[in-house]
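[1] Sequence plus the predicted model coming up.
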Amino acid sequence: MPEVNSKKPYYLGFALLGIGLLIFYKTYNPEVHSFFPKCPFLSITGLQCPGCGSQRAIHHILNGHLVSAIKQNAMLVIAIPYVSLGMFLDYKKSLSPKLLQLRNKLYGITAIWFILGLVVSFWIFRNISI
């Protein structure tokens, strides 16, 4: 019996949901339409969280406005290729030694702590420069 990849249904569902969301976010501008969820952290504190502006940034990216996307949420724009590479390395069945080394370096425990530090720094500095 052939080996079944247990991740395939997960990735297929994720891909279909993602495509639907991409179409939705390309079509509708979160700055204009009120049915998009608002950030509870911003509503309560008046401060931006690391995710604030992500919906608007996604809309701008999908419509080819990279500079506008960066202005809305630079961290998200940087995270998209990083997360995409991680998903690729996770989905690939066998990794070459170079790709395995790359995965360990970019997604290991040191990288996790580094990214946490980046997110917290981004959170602090985006509120200082308001």
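    On my side now, so go ahead.

[2] any weak-confidence spans in this protein?
    Low-confidence regions of the chain, defined here as pLDDT under 70, cover residues 1-5, 7, 129-130.

[3] Output the contacting helices and strands for the helix ranked longest in it.
    Among the elements of the chain assigned as helix by DSSP state H, the one spanning the most residues is helix 66-91. Using 3 or more Cβ pairs under 8 Å, 6 or more residues apart in numbering; DSSP states H and E, the elements in contact with helix 66-91 are helix 54-62, helix 97-107, helix 109-128. To be clear about C-beta, it is placed using only N, CA and C from the backbone, and glycine gets the same treatment.

[4] now do 6 Å
    Other elements packing on helix 66-91 under the criterion 3 or more Cβ pairs under 6 Å, 6 or more residues apart in numbering; DSSP states H and E are helix 54-62.

[5] what sits against P50?
    Under the criterion of Cβ atoms under 6 Å, 6 or more residues apart in numbering, the contact list for P50 reads M75, V119, F122, W123.

[6] Now restrict those to buried residues only.
    Among these, those classed as buried by 16 or more other Cβ atoms under 10 Å are M75, F122, W123.

[7] tell me which of those residues is nearest to T45?
    Distance to T45 across the buried ones among the contacts of P50 (Cβ to Cβ) is lowest for W123, with 11.5 Å.

[8] ok, that closest one - contacts?
    Counting by Cβ under 6 Å, 6+ apart, the residues that W123 touches are P50.

[9] roughly how far apart are it and W113?
    For W123, the distance to W113 (Cβ to Cβ, to the nearest Å) stands at 16 Å.

[10] since we're on I115, how many residues are nearby?
    Residues near I115, counting by other Cβ atoms under 10 Å, number 15.

[11] got it, and S94?
    Other residues near S94 number 6, with proximity taken as other Cβ under 10 Å.

[12] L100: which of the buried ones among the contacts of P50 is nearest?
    The shortest gap between L100 and any of those belongs to M75, at 27.2 Å (Cβ to Cβ).
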